[in-house]
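Visitor: structure for the following, please:
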Amino acid sequence: MKLLQKEIISLGTFIFVMSIAQIWAIPSDTTGIDSIEVEHASSNGEVDNIHGEINSIANGQYNRIPLILSEAKSYFVEAVIADKYGDTLEVIYLIDKIVDLLEGAEQLGELSAEDQEEFDRFEKTLLHVYENHLETMDQVETPIAIASLKDELSAFLEPLEIEINGSKFRVIDDRDGHIPLIANKRVDQAIKFFQTKGRRNFEIWLSRYPVYGDLIIDILKKNELPEELIFHAMVESGLNPKAYSRAHAAGMWQFVSATAKKYGLNRNWWVDERRDPVKSTQAAADYLKDLYLEFDDWYLAIAAYNAGSGRVNRAIQLHQTRDFWRLNSLPRETKNHLSTFLATAIIARNPEEYGFDITSGEPFIFDEVTLDRSADLTVLANCAGISVKELKIYNPDLRQFATPPDEPYTLKIPPQTQDRFLERFTALPDEQRFAPQYIIHRVKKGENLWLIARKYNVSLHDIVSVNKIKIYTRLQIGHKLTIPVPGTQVSTLLTTTAGNEEKTIYKVKRGDTLSYIALRFGTTARRIRQLNGLRYGAIIYQGQKLTVPSTSRGSKSLTEKTNPIKELYTVRKGDTLGRIALRYGTSVSKIKRWNGIKRGDYIYPGQKLVIFIQES
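Guide: The predicted structure is shown next:
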């Protein structure tokens with residue numbers, strides 16, 4: 001009977017995934033559409049459908065776009081399945097992986113028409129499924145939350161109405177040295193949206209304001225810029241350092257690659273400084289100063305930040321006016337952006353007047369230490385006395401589990417911990433402090449990138465990223481490739497093949513999920529499935545023995561943990577189920593089940609929630 005139930009569940013999941021795959025092939029115009037194949041993961045972690053990559057290499061060229069899309073689709077299918085099984089942490093992890101892949105595409109230059117069409121189709125599908133099908137996670141915590149919200153807001157706001165005899169508006173604030181705050185019909189609509197349909201998102205935005213507000217406003221003031229510009233960042237990203245948009249813009253200030261490079265923000269395989277709150281805010285200040293010097297009007301400068309200077313100048317010439325509200329040829333997104341900016345600034349002046357609580361939070365303050373060589377984040381986190389997850393919150397620009405190897409890196413750590421960090425770090429031997437994060441491979445006859453990736457058990461995408469391989473690159477015999485590997489695995493790779501990684505046996509406990517086990521052992525749920533021959537959607541059970549990779553990433557083995565203990569958590573202002581789940585390393589669906597919370601129910605400050613945790 002149990003076997004039959006498992007088969008029914010697996011069949012149901014397969015049908016659901018295939019129904020989602022159908023969406024891939026549905027652009028806005030549904031005429032003449034071909035079906036699309038969903039790739040399945042192979043036993044070594046790469047995608048089976050690699051025909052395009054092999055054919056390209058056979059022709060002496062390498063087109064990276066099909067690889068990126070293939071990997072992204074594979075992660076996408078995993079995310080959908082993880083969501084169906086209530087695995088919140090796995091879904092968040094996979095969406096982050098997808099965003100990293102999509103961001104990598106912007107480095108490749110101009111795409112062919114066919115690649116661009118497929119790329120756009122995937123992004124539309126990702127947002128469609130994110131908005132309509134994912135149920136187990138708190139969506140506002142993910143990098144693509146802001147893109148989803150902007151789509152909702154665009155549908156909510158009515159088309160701009162032009163007043164022939166002048167725009168009708170109310171002046172809210174017009175102090176010297178500040179951006180004038182006015183309200184008109186569109187601004188009022190945006191305020192209403194945040195009070196109703198967009199309320200949950202706006203509460204998250206407000207909760208981040210006390211965290212990053214002082215830092216951003218301080219930089220703006222040092223650059224003699226009005227402090228209201230922080231609300232421009234709030235609208236761009238929700239003050240989320242890891243925000244990502246369909247325009248391939250990233251970070252709090254949503255820089256695209258070209259503009260980021262112009263204003264000194266570095267992006268490579270190791271770091272993306274667009275995600276650094278300090279560096280990106282300084283770059284944004286420089287950019288906004290240039291735009292204000294060009295237009296001498298803050299509304300036009302903000303519009304140019306969103307749409308580009310050229311487009312705003314063309315609109316001014318076309319309409320023969322510098323009144324933003326009369327530039328009807330500007331994109332709808334740009335019109336919405338300024339209205340939303342004004343609505344956000346007006347609400348934030350007095351949140352209680354508009355029905356929002358005044359939130360509090362720990363400000364983003366930190367100590368800094370400079371590292372001359374590449375170091376593993378696990379080692380750095382231990383020296384700082386925090387988890388790797390916390391270290392990455394302090395350093396959201398880091399894209400890998402190590403600092404860059406080719407240049408000094410300034411690491412942010414919790415305040416008042418610099419002395420303790422340096423004492424612990426300098427006490428370690430060099431081989432532990434500065435573990436190598438890569439090895440050099442010389443290409444041999446008959447090898448291609450896919451075979452090399454299999455040999456070292458790393459992602460093909462990572463190899464082409466770290467070696468700056470563009471869309472078309474010829475792979476030659478004798479060519480030296482840098483193979484990125486975590487420092488803790490280098491010694492193994494130098495002496496053995498990639499398939500001989502160290503492993504341990506773990507006994508599943510009540511409440512475990514694959515992503516929870518993977519997080520503790522510093523691996524992925526995908527890798528655990530591969531090692532144990534588990535199908536997607538396969539259910540693990542209490543007492544089951546699983547083979548898991550054993551690396552220094554994992555802290556204590558879960559086999560050393562006792563049974564779960566019950567804890568009573570008091571909900572605070574700004575809390576969401578997703579945040580609470582991440583804090584305790586569990587899932588939203590479990591918290592709902594433990595507390596009898598039904599779909600659509602809200603949590604509120606002061607509410608008591610039962611949480612089961614593992615005692616260390």
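Visitor: contacts, neighbours, all on C-alpha from now
Guide: Will do.
Visitor: now do M234: how many residues are near it, please.
Guide: Applying other Cα atoms under 10 Å, we find 23 residues neighbouring M234.
Visitor: hmm, Q254 and it touching each other?
Guide: No: shown here, M234 and Q254 do not form a contact pair, counting by Cα atoms under 8 Å, at 10.4 Å.
Visitor: which stretches of the stretch 401-550 of the chain have low pLDDT?
Guide: By pLDDT under 70, the weakly predicted segments of the stretch 401-550 of the chain are 435-437, 457, 459, 461, 470-474, 485-501, 511, 519, 535-539, 550.
Visitor: if we can go back for a sec, can you pull the residues that touch both of M234 and Q254?
Guide: Common neighbours of M234 and Q254, using Cα atoms under 8 Å, 6 or more residues apart in numbering, do not exist here.
Visitor: contacts only, for the closest residue to N266 other than its chain neighbours.
Guide: Distances taken as Cα to Cα, 6 or more residues apart in numbering place E273 nearest to N266, at 5.5 Å, with adjacent residues excluded. For E273, the contacting residues are L265, N266, R267, K279, S280, D397, taking Cα under 8 Å, 6+ apart as the criterion.
Visitor: which stretches of the stretch 151-300 of the chain form helices?
Guide: Secondary structure of the stretch 151-300 of the chain by DSSP state H, counting those that start in this stretch: the helices cover 185-195, 199-222, 230-237, 257-262, 277-295, 298-307.
Visitor: and these, which is most packed in?
Guide: Mean neighbour counts were taken over the helices of the stretch 151-300 of the chain using mean count of other Cα atoms under 10 Å, and the top value, a mean of 24, falls to helix 230-237.
Visitor: which residues sit against that one?
Guide: Helix 230-237 is contacted by residues 146, 205, 213, 216-217, 239, 243-244, 251-254, 302, 337, 340-341, 344-345 when judged by Cα under 8 Å, 6+ apart.
Visitor: now do it and helix 277-295, the angle between them.
Guide: Between the axes of helix 230-237 and helix 277-295, defined by axes from the mean of the first three to the mean of the last three Cα atoms, to 10 degrees, the angle is 110 degrees.
Visitor: how far away from the center of its chain is helix 230-237?
Guide: A distance of 17 Å separates the C-alpha centroid of helix 230-237 from that of its chain, computed with Cα atoms, centre = their mean, to the nearest Å.
Visitor: one step back: any chance of the contacts of E273 in CSV, plus distance to R186 and pLDDT?
Guide: Written out in CSV, the entries for the contacts of E273 read as follows (distance: Cα to Cα, whole Å; pLDDT from 0 to 100):
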residue, distance to R186, pLDDT
L265, 34, 96
N266, 37, 93
R267, 37, 89
K279, 33, 97
S280, 30, 97
D397, 35, 95
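Visitor: return the member of those residues nearest to K445.
Guide: R267 (32.6 Å; Cα to Cα).
Visitor: so for K592, which of the helices of the stretch 151-300 of the chain sits nearest?
Guide: Across the helices of the stretch 151-300 of the chain, the minimum distance to K592, taken as Cα to Cα, is reached by helix 199-222, at 18.0 Å.
Visitor: same for that closest one, what does it pack against?
Guide: Packing contacts for helix 199-222, counted by 3 or more Cα pairs under 8 Å, 6 or more residues apart in numbering; DSSP states H and E, involve helix 185-195, helix 230-237, helix 277-295.
Visitor: send the alpha carbons of stretch 206-215 over as CSV?
Guide: Extracted in CSV, the C-alpha atoms of stretch 206-215 (Å, rounded to 0.1, in the frame of the first residue of the first chain):
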residue,chain,number,x,y,z
LEU,A,206,10.1,49.3,5.9
SER,A,207,11.7,46.6,8.0
ARG,A,208,14.9,47.0,6.1
TYR,A,209,15.0,50.8,6.4
PRO,A,210,16.3,50.9,10.0
VAL,A,211,19.0,48.3,8.9
TYR,A,212,20.4,50.1,6.0
GLY,A,213,19.0,53.6,6.4
ASP,A,214,21.8,55.3,8.4
LEU,A,215,24.5,53.8,6.1
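Visitor: can you tell me the average pLDDT over it?
Guide: Rounded to a whole number, the mean pLDDT of stretch 206-215 is 94.
Visitor: again with stretch 579-586
Guide: If you average the per-residue pLDDT over stretch 579-586, you get 72.
Visitor: before we move on, the earlier item: now distance to L514 too, for the helices and strands packed on helix 199-222, in JSON lines please.
Guide: Converted to JSON lines, those look like this (distance: least, Cα to Cα, whole Å):
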{"stretch": "helix 185-195", "distance to L514": "37"}
{"stretch": "helix 230-237", "distance to L514": "31"}
{"stretch": "helix 277-295", "distance to L514": "33"}
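Visitor: mean pLDDT lowest where, among the ones you listed?
Guide: When the helices and strands packed on helix 199-222 are compared by mean pLDDT, helix 185-195 comes last with a mean of 91.
Visitor: and the angle from that helix to helix 199-222?
Guide: Orientation check (the same axes, to 10 degrees): helix 185-195 against helix 199-222 gives 120 degrees.
Visitor: tell me which element R311 is part of?
Guide: Secondary structure assignment for R311, by DSSP states H and E: helix 309-319.
Visitor: from L239, how far out is Q254?
Guide: Taking Cα to Cα, to the nearest Å as the measure, Q254 and L239 are separated by 10 Å.
Visitor: follow-up on the earlier one: got the angle between the helix or strand that the helix holding R311 is followed by and helix 298-307?
Guide: Heading C-terminal from helix 309-319, the first helix or strand you meet, by DSSP H and E, is helix 332-349. Using the same axes, to 10 degrees, the inter-axis angle of helix 332-349 relative to helix 298-307 is 120 degrees.
Visitor: tell me how far helix 332-349 lies from the chain's centre.
Guide: Helix 332-349 has its C-alpha centroid displaced from the chain centroid by 24 Å (Cα atoms, centre = their mean).
Visitor: and stretch 527-545, by the same measure?
Guide: Average the C-alpha atoms of stretch 527-545, do the same for its chain, and the two points are 27 Å apart (Cα atoms, centre = their mean).
Visitor: quick one: terminal-to-terminal distance for that stretch?
Guide: Here stretch 527-545 reaches across 15 Å from its first residue to its last, counting by Cα to Cα.
Visitor: next: stretch 426-441.
Guide: With Cα to Cα as the measure, what separates the two termini of stretch 426-441 is 31 Å.
Visitor: tell me how many other residues crowd the closest residue to A453 other than its chain neighbours.
Guide: Sequence neighbours aside, L460 is the residue nearest to A453 in space, at 5.2 Å (criterion: Cα to Cα, 6+ apart). For L460, the neighbour count with other Cα under 10 Å is 21.
Visitor: ditto for A183
Guide: Counted with other Cα under 10 Å, the burial measure for A183 works out to 19 neighbours.
Visitor: which residues does it contact?
Guide: Contacts of A183 (Cα under 8 Å, 6+ apart): F169, R170, V171, I172, L342, A343.
Visitor: can you tell which of the helices and strands packed on helix 199-222 is closest to K221?
Guide: Taking Cα to Cα, helix 277-295 is the member of these nearest to K221, at 9.7 Å.
Visitor: one step back: what distance do you get for the residue nearest to N266 to F401?
Guide: Per Cα to Cα, E273 is found 16 Å from F401.
Visitor: Y263 too?
Guide: 26 Å.
Visitor: try S587
Guide: Relative to F401, S587 is positioned 24 Å away (criterion: Cα to Cα).
Visitor: between these two, which one's more packed in?
Guide: S587 (27 against 18).
Visitor: so the residue nearest to A453 sits against W450, correct?
Guide: Yes: here L460 reaches W450: they are 6.1 Å apart, a contact under Cα under 8 Å.
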